[in-house]
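Novice: sequence plus predicted model, see below.
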Amino acid sequence: MIKKIEKYEIVDLIKGAISEDMGGFGDITSKYLIPDKEISSAYIVCKEPEGAILSGLDIAAYIFEEIDPEILLKPLKDDGASLDLMDRVCDIKGAAASMLKAERTCLNFIQHMSGIATLTAKFVKIAASYGVKIVDTRKTKPMLRKVEKYAVLCGGGHNHRFGLFDGVLIKDNHIAAAGSVLQAIDSIRVSIPHTIKIEVEIKDFDELDQALEARADIIMLDNMGPEDMIKAVRIIRGKREETIIEASGNVNLGTLEDICKTGIDIISVGALTHSAPAIDFSMEFE
């Protein structure tokens, strides 16, 4: 089961998104057209052909609640559900003016998050048959990392580290600053608790040899072609079978299967969060 995002975790994001749309004056169109007490019913519907994956419905519920606690939202689908064209995902009842204030902000979150979940599911479907995990990256939109990484989970993917604070990943610029892969790993190992794994990004076989000598827990093969990956996997498995092998760089739906066939364990895909197209949803009044 996917752990939902609690409202308190993103309340500032929600308030900021609402404020962005309301400005200092609110919904001036609805204000002069719709009586405050007018009650209406509506629903949110998927307008995408079959295969869309839902994400963000809880966020929508929080937005409606923030604008008007008396709005009732009844979920008809769960986040992670596969949708067909014109599937209803929720029913809504409450003050029409309040619903219209929330409409675009709610839909923006659902469309964006469902786009990420849908793209993730496409990667996961291909990788699963090879026993390979698909994970996200930190290539997220500013302030949206929590909801975007949640959307990856809705699509069946996995989360990489959330930020700089919850995992050691030695990248090319760290290596340049330290002098070498070996020096970078040795410097970090003496400073961190034994419970924290060390991951290092390597670009060639010289760096791979150093990573193995320094006993890196996870080795990321960065921008290697499939033939070099196969060779690298063979070397790693022969020397330190317990090492987790991650592939990254130049990963798309066209290259994915060839990468999966190399024998790696994990593929990190920046495109899940930086390039996922939105899924079309709309709110319709009854």
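Specialist: Great, that's in hand.
Novice: what strand or helix carries Ala60?
Specialist: In the assignment (DSSP states H and E), Ala60 maps to helix 57-67.
Novice: Gly156 and Leu119 touch, don't they?
Specialist: No: using CB atoms under 8 Å, Gly156 is not in contact with Leu119; the gap is 11.1 Å. To be clear about C-beta, it is placed using only N, CA and C from the backbone, and glycine gets the same treatment.
Novice: buried stuff in the lengthiest helix in the chain?
Specialist: In the chain, taking DSSP state H as the definition, the longest helix is helix 96-128. By 16 or more other CB atoms under 10 Å, the buried positions in helix 96-128 come out as 96-103, 105-124, 126-127.
Novice: next: stretch 89-96.
Specialist: The neighbour-count check on stretch 89-96 (16+ other CB under 10 Å) flags Val89, Cys90, Ile92, Lys93, Gly94, Ala95, Ala96 as buried.
Novice: restricted to strands, list those residues.
Specialist: Val89, Cys90, Ile92, Lys93, Gly94, Ala95 (DSSP state E).
Novice: what is the neighbour count of the nearest residue to the third one once chain neighbours are set aside?
Specialist: I take that to be Ile92. Leaving out its chain neighbours, the residue that sits closest to Ile92 by CB to CB, 6 or more residues apart in numbering is Ala42, at 4.7 Å. The number of residues packed near Ala42 is 21, by other CB atoms under 10 Å.
Novice: do the same with the one 3 residues further on
Specialist: The burial metric for Val45, expressed as a neighbour count using other CB under 10 Å, is 18.
Novice: how does this structure divide into domains?
Specialist: Here the domain parsing of the chain from automatic domain parsing is 7-118+276-285, 125-274.
Novice: need the ones you listed in TSV with distance to Met1, can you?
Specialist: Below are these laid out as TSV (distance: least, CB to CB, whole Å):
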stretch	distance to Met1
domain 7-118+276-285	9
domain 125-274	10
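Novice: could the ones you listed go into a markdown table alongside mean pLDDT?
Specialist: What follows is these, written out as a markdown table (pLDDT from 0 to 100):
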| stretch | mean pLDDT |
| --- | --- |
| domain 7-118+276-285 | 97 |
| domain 125-274 | 97 |
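Novice: from Asp79, how far out is Ser268?
Specialist: As judged by CB to CB, to the nearest Å, Ser268 and Asp79 stand 23 Å apart.
Novice: same drill for the two, tell me which one is more crowded.
Specialist: Higher neighbour count among Ser268 and Asp79: Asp79, with 25 against 22, using other CB under 10 Å.
Novice: residue contacts, that one?
Specialist: Applying CB atoms under 8 Å, 6 or more residues apart in numbering to Asp79 gives the contacts Ile2, Lys4, Leu54, Ser55, Gly56, Leu57, Asp58, Ala117, Cys154.
Novice: in three-state terms, how would the second one be classified?
Specialist: What that stands for is Lys4. For Lys4, the assignment made with DSSP: H, G, I helix; E, B strand; the rest coil gives coil.
Novice: excluding chain neighbours, what is closest to it?
Specialist: Per CB to CB, 6+ apart, closest to Lys4 is Asp58, 5.4 Å.
Novice: same check, this time on the third one
Specialist: Distance criterion CB to CB, 6+ apart; nearest residue to Leu54, sequence neighbours excluded, is Ala81 at 4.8 Å.
Novice: how much space between that neighbour and Gly156?
Specialist: Distance from Ala81 to Gly156, by CB to CB: 12 Å.
Novice: before we move on, what about Lys146?
Specialist: For Lys146, the distance to Gly156 - CB to CB - is 18 Å.
Novice: which one of the two has more residues nearby?
Specialist: The neighbour comparison of Lys146 against Gly156 (other CB under 10 Å) goes to Gly156, with 20 against 14.
Novice: tell me the pLDDT of the spatially closest residue to the more buried one that is not a sequence neighbour.
Specialist: With CB to CB, 6+ apart as the criterion, Gly156 has its nearest non-adjacent residue at 4.1 Å, and that residue is Val124. The model reports Val124 with a pLDDT of 99.
Novice: now the strands for the stretch 101-250 of the chain?
Specialist: For the stretch 101-250 of the chain, applying DSSP state E, counting those that start in this stretch gives strands covering 133-135, 168-170, 198-202, 218-222, 244-248.
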